[in-house]
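1. What follows is a predicted protein model with its sequence.
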Amino acid sequence: MNSWKLVGAKQLVKSEVPLPKQEVGLLRVRVTKVLLNRQDAAIYRGDVRVKYPLTMGRYAVGFIAEDGFAEFTKGTRVVLHGYRPVPSDGTERRDFSADDYLACGRTADGFLTDFVNVAPEDMTPLPASVSDERGLLLHNIAVAKEIADHLGAKRGQHIVVVGADLIGILVCQLLIYQQAAPILVDSNPLRLEFARTCGVYYTVLATSHLVDAVASLTGGRLAGGAVYIATASGNDPDIPFLLCAREGKVIYFATSAEKLTVNLDIAFRKHLSVHCVSHGIKYLMAAINLIANKAVDPSPFHANAHRSSGVAKLLEEYPLKPDRDVDEINFVDLLQ
């Protein structure tokens, strides 16, 4: 089978390797599609420290390639979990500062390979109503759901969302579905323009007049809650504190690859509650229900399929096209 491993910065090597050996409790999965994004490009460039060699690709879908059991019969389509609990031998206490989850494609091997062995608890069946392309976005939808749950927004409540990338737009769509009133803020006008085509009503460009602009939308009260999306580059991480009303909630989302520095002075003065979200893995089933019920709609994004032979070129082009994530979703089709 074919496997693609990163052996150093900008050194992605395709090689022929044996099929993974059958293991008790694991099922062989044929990987069909792998999502690649700006974070993967940063790993490829060497901007994010990883241990080589590394199989790239955090988000993937595939199908069961052998006789399974229960809900995992042969041919069942599945979404592969991009985050997995750190294994423990039960005898040695782990450093409490360490991550509880391994991030596939960064701190553990990912899915840019033809076949993988997966435990049933590390994959979820996809219903017929959810396409492969939608399945690749389920982790992003799960993050949006976790953020919305922690906010607990009331009907009509204004919520500021800073960062108009895929996740920021999904958060806004979900808040609208819950009858809240999101205000999407970004320093990139192209992102905001695209967000409006996704049904986000209120968008504000991050300028020196940002606080006044949000105050005018909220009747001078500012927002009851705020969200910062670290994956949408170019936005000041202190903005949520400025735009949130006293005793409001602020949610920060970042993957393990982003490093944030924030000034908590305003948060203390306003008595704000701060919560952090990193992967949303426990919300995958909820994400499937949300996409099936059309509570969120990623259809305005263009899904671009790439052959496996074009992976390196795609990852090399990301820094040359910093706005490509505005309306694009890029994935590798391993069956082509």
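-> Looks like it arrived, so ask away. Numbering: from 1, shown residues only.

2. Just to be sure, Ala42 is in a helix?
-> Yes: assessed with DSSP: H, G, I helix; E, B strand; the rest coil, Ala42 lies in a helix.

3. Now it: closest residue in space that isn't a chain neighbour?
-> Nearest non-adjacent residue to Ala42, counting by CB to CB, 6 or more residues apart in numbering: Val48, 5.0 Å away. Using the backbone N, CA and C atoms, a C-beta is placed for each residue, glycine as well.

4. now swap in Ala153 and tell me
-> Nearest to Ala153 is Ala180, by CB to CB, 6+ apart, at 3.8 Å.

5. What distance do you get for the one you found to Arg155?
-> Separation of Ala180 from Arg155 (CB to CB, to the nearest Å) stands at 7 Å.

6. Can you tell me the centre-most residue of the protein?
-> What sits nearest the mean C-alpha location of the chain, by CA atoms, centre = their mean, is Asn140, with 3.8 Å.

7. Run through the neighbouring helices and strands of the host helix or strand of that residue.
-> Using DSSP states H and E, Asn140 falls within helix 138-151. Applying 3 or more CB pairs under 8 Å, 6 or more residues apart in numbering; DSSP states H and E, we find helix 138-151 packed against helix 166-177, strand 223-229, strand 244-253, strand 273-277, helix 284-292.

8. can you do 6 Å?
-> helix 166-177, strand 244-253, strand 273-277, helix 284-292 (3 or more CB pairs under 6 Å, 6 or more residues apart in numbering; DSSP states H and E).

9. residues in contact with the shortest one?
-> Among residues not part of strand 273-277, those counted as contacts by CB atoms under 6 Å, 6 or more residues apart in numbering are Glu146, Ile147, His150, Lys249, Val250, Ile251, Tyr252, Phe253.

10. And these, which two are furthest apart?
-> Glu146 and Val250 (14.5 Å; CB to CB).

11. circling back to that earlier point, which of the helices and strands packed on helix 138-151 is buried the deepest?
-> helix 166-177 (a mean of 25; mean count of other CB atoms under 10 Å).

12. Surely Val185 and Thr207 touch.
-> No: using CB atoms under 6 Å, Val185 makes no contact with Thr207, being 10.0 Å away.

13. Where does pLDDT dip in the stretch 51-200 of the chain?
-> For the stretch 51-200 of the chain, applying pLDDT under 70 flags the ranges 89-98.

14. can you pull out the strands in it?
-> Assigned by DSSP state E, counting those that start in this stretch, the strands in the stretch 51-200 of the chain fall at 54-55, 59-64, 77-80, 83-85, 101-103, 115-118, 123-125, 158-162, 181-186.

15. so which of those is the most packed in?
-> strand 158-162 (a mean of 29).

16. how far off strand 181-186 does that strand point, in degrees?
-> 20 degrees (axes from the mean of the first three to the mean of the last three CA atoms, to 10 degrees).

17. Any chance you could list what contacts strand 158-162?
-> By CB under 6 Å, 6+ apart, the surrounding residues in contact with strand 158-162 are 153, 168, 171-172, 175, 180-185, 218, 223-228, 235, 239-240, 243.

18. follow-up on the earlier one: rebuild the contacts of strand 273-277 as CSV, extending it with distance to Lys10.
-> Listed next are these as CSV, based on distance: CB to CB, whole Å:
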residue, distance to Lys10
Glu146, 33
Ile147, 33
His150, 38
Lys249, 41
Val250, 37
Ile251, 34
Tyr252, 30
Phe253, 28
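
19. Tyr318: which of these is nearest?
-> Nearest to Tyr318, judged by CB to CB, of the contacts of strand 273-277 is Phe253 at 20.1 Å.

20. Excluding chain neighbours, give the residue nearest to the closest one in space.
-> Spatial nearest neighbour of Phe253, excluding adjacent residues (CB to CB, 6+ apart): Val277 at 4.7 Å.

21. try Asn289
-> Here the residue nearest Asn289, using CB to CB, 6+ apart, is Ala295, at 8.0 Å.

22. same deal with Ala267?
-> Phe241 (5.1 Å).

23. The one you found: how many residues sit nearby?
-> The tally of other residues near Phe241 (other CB atoms under 10 Å) stands at 23.

24. quick revisit: okay, and the common contacts of Ala180 and Arg155?
-> Among the neighbours of Ala180, none is also in contact with Arg155 (CB under 6 Å, 6+ apart).

25. Neighbour count for these two, which is higher?
-> Remark: of Ala180 and Arg155, Ala180 carries more neighbours, 21 against 8, as counted by other CB under 10 Å.

26. mind listing what the more buried one touches?
-> Contacts of Ala180 by CB under 6 Å, 6+ apart are Ala153, Gln157, Ile159.

27. do Val250 as well
-> Listed by CB under 6 Å, 6+ apart, the contact partners of Val250 are Ala226, Pro240, Cys244, Leu272, Val274.

28. The first one contacts Ala245, doesn't it?
-> Right, Ala226. No: the criterion here is CB under 6 Å, and Ala226 misses it with Ala245 at 9.2 Å.

29. Next one: the residue nearest to Gln173 when sequence neighbours are not counted relative to Leu222, how far apart?
-> In space, and not counting its chain neighbours, Gln173 is closest to Val296: 4.6 Å by CB to CB, 6+ apart. In this view, Val296 and Leu222 are 26 Å apart by CB to CB.
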